[in-house]
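K.L.:
here is my input; please provide its structure:
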Amino acid sequence: MREVVLYHLMSLDGVAYEEPGDWLADEGDHLIDYLRQVIATQDDVLMGRGNYDYWVKHWPTSDFEPFATFINSVRKHVVTSSALTSEWTNTVVAGTPAIDYVTDLRQRPGGDIGVHGSLELARSLMHAGLIDRLRLVVAPAIVGRGRRVFGAEEVVRSWALTGLEQGRSGTLFLDYTKK
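P.N.:
Here you go, the predicted model:
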């Protein structure tokens, strides 16, 4: 069975890194190398509608590598109840509710299924027990306000730490697998 991998950048207090700001330390090549490791095993990406609408305006013309080439060519599965208004190469609209769609997608042949951003979708998949691995970049900052990666509605789950690296500025690169 394929694994669903949640990749996220966040602060120590769980605030999602959604826009360029001053609280994510510059880890240079370390951050890029970690991202490269994450996407190397993925051949499908799940997205919520808001994330899709935002990213379709940015990534098709971006030169930020290795992510631009990856996200522009990978199959993107968009969970939405309405028709997409912008086209992006290799995009599929999920035709069933997210939980059913992802359950079916996991049974198909292929590599890992990534979730990058899309906080509401990520939380619903986490709540349903459909996230198999966490690949987290945790910045050494307390932000206080902002949207959080993990919500209060989460069910208690145990995770095994399978990888830990520390960047030069104190950023943690954490890998967890669901127990």
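K.L.:
the helices in the chain, which residues?
P.N.:
29-40, 49-55, 67-73, 98-107, 119-127 (DSSP state H).
K.L.:
what's in contact with the fourth one?
P.N.:
When you say that, I think you mean helix 98-107. By CB atoms under 8 Å, 6 or more residues apart in numbering, the residues outside helix 98-107 that reach it are 1-4, 44, 46, 77, 79, 94-96, 113, 121, 124-125, 128, 130. C-beta coordinates here come from the backbone N, C-alpha and C atoms, glycine included.
K.L.:
how deep is Glu87 tucked in, by neighbour count?
P.N.:
Using other CB atoms under 10 Å, Glu87 has 8 neighbouring residues.
K.L.:
please name the nearest non-neighbouring residue to it.
P.N.:
Excluding its sequence neighbours, the residue lying closest to Glu87 (CB to CB, 6 or more residues apart in numbering) is Val56, at 7.9 Å.
K.L.:
was I right about the one you found contacting Thr89?
P.N.:
No - assessed by CB atoms under 8 Å, Val56 is found out of contact with Thr89, at 10.1 Å.
K.L.:
more neighbours: which of the two?
P.N.:
Val56 (18 against 11).
K.L.:
read off the pLDDT value for the residue nearest to Glu87.
P.N.:
On pLDDT, Val56 comes in at 97.
K.L.:
what's near enough to touch the residue nearest the centre of the chain?
P.N.:
Centroid-nearest residue in the chain, with CA atoms, centre = their mean: His116, separated by 2.0 Å. By CB under 8 Å, 6+ apart, the contact list for His116 reads Tyr7, His8, Val45, Met47, Asn51, Ile71.
K.L.:
so what's the second one closest to, chain neighbours aside?
P.N.:
Once its chain neighbours are removed from consideration, His8 has its nearest residue in Val149; the separation is 5.1 Å (CB to CB, 6+ apart).
K.L.:
now do that neighbour against Asp29, distance only.
P.N.:
With the distance defined as CB to CB, to the nearest Å, Val149 ends up 24 Å from Asp29.
K.L.:
which one's more surrounded, these two?
P.N.:
In terms of neighbours (other CB under 10 Å), Val149 is the more surrounded of Val149 and Asp29; the figures are 22 against 10.
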